[in-house]
Each structure stands twice: as C-alpha cells, then as structure tokens.
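A.B. asks: sequence plus predicted model, see below.
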Amino acid sequence: MFIHPVSYEELNRLITCLNTSKSAGPDNIGPTLVKSAYICEPLLHIFNLSISNGIVPDQLKEQTRVVKIKSSNFTLYINMYVQVIIIM
C-alpha cells in the first residue's frame, strides 16, 4: 500500500478545521495552540518523513481508555459501562 505525501494545503486545511473546544493530547499541545502557532511546516516534515520511511513514532500511537456509563439509571451493573478508546 502506498500513501501519498501530505501537501501543505491539505495539512493547513485540516489545522484550520480543528475544534478549539477540545482538550490537548498526550503532548499537552491543544488545538488552540496548533491553530495559533506556525507549526504547519514542522508537522508537514514529520508526517511526510514518517510516510516515506514507513515508521510511525511511538508518541503518535498513544491511546487513552475512558470508561463511560451507558445509562445513568443502572450504575450498579458492570455491563452498563462501555469502554471508549481514544487514539491520539
């Protein structure tokens, strides 16, 4: 499978679509900072280097598990909880 390199325009479009009300990831860099800082060029270099080498840094593979209640009426039963995995 071949993945095409990311273009500057594509990355810039995705950055402008970030929701600033969301929290920061494991790097503690929130979407507000990403949108306000000029980090498009460094991100573009990291992404394209990762694609060309076929290596994804471990920091980009992190995930967080969050347990949420399915229904507020039956909190005593373990099967009423659902596990949500957030890949960062």
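C.D. replies: Alright, I've got the coordinates.
A.B. asks: so where does the residue lying closest to residue 3 once chain neighbours are set aside fall, helix or strand?
C.D. replies: Excluding the flanking residues, the one nearest residue 3 by CB to CB, 6 or more residues apart in numbering is residue 51, at 5.1 Å. The C-beta positions use only the backbone N, C-alpha and C, and glycine is treated the same way. Using DSSP states H and E, residue 51 sits within helix 40-53.
A.B. asks: before we move on, back to that, wait, the residue nearest to residue 3 sits on residue 6?
C.D. replies: Yes. Proximity of residue 51 to residue 6 meets the contact threshold set by CB atoms under 8 Å, at 7.2 Å.
A.B. asks: residues near the residue nearest to residue 3, how many?
C.D. replies: Using other CB atoms under 10 Å, residue 51 has 15 neighbouring residues.
A.B. asks: do residue 45 as well
C.D. replies: Neighbours of residue 45 under the rule other CB under 10 Å: 11.
A.B. asks: over to residue 59?
C.D. replies: Burial of residue 59 is recorded as 10 neighbouring residues (other CB under 10 Å).
A.B. asks: if I look at it, how far off is residue 46?
C.D. replies: Using CB to CB, to the nearest Å, residue 59 is found at 10 Å from residue 46.
A.B. asks: same question, residue 19
C.D. replies: Relative to residue 46, residue 19 is positioned 22 Å away (CB to CB).
A.B. asks: one step back: so what does the helix holding residue 51 touch, helix or strand wise?
C.D. replies: Packing contacts for helix 40-53, counted by 3 or more CB pairs under 8 Å, 6 or more residues apart in numbering; DSSP states H and E, involve helix 8-16.
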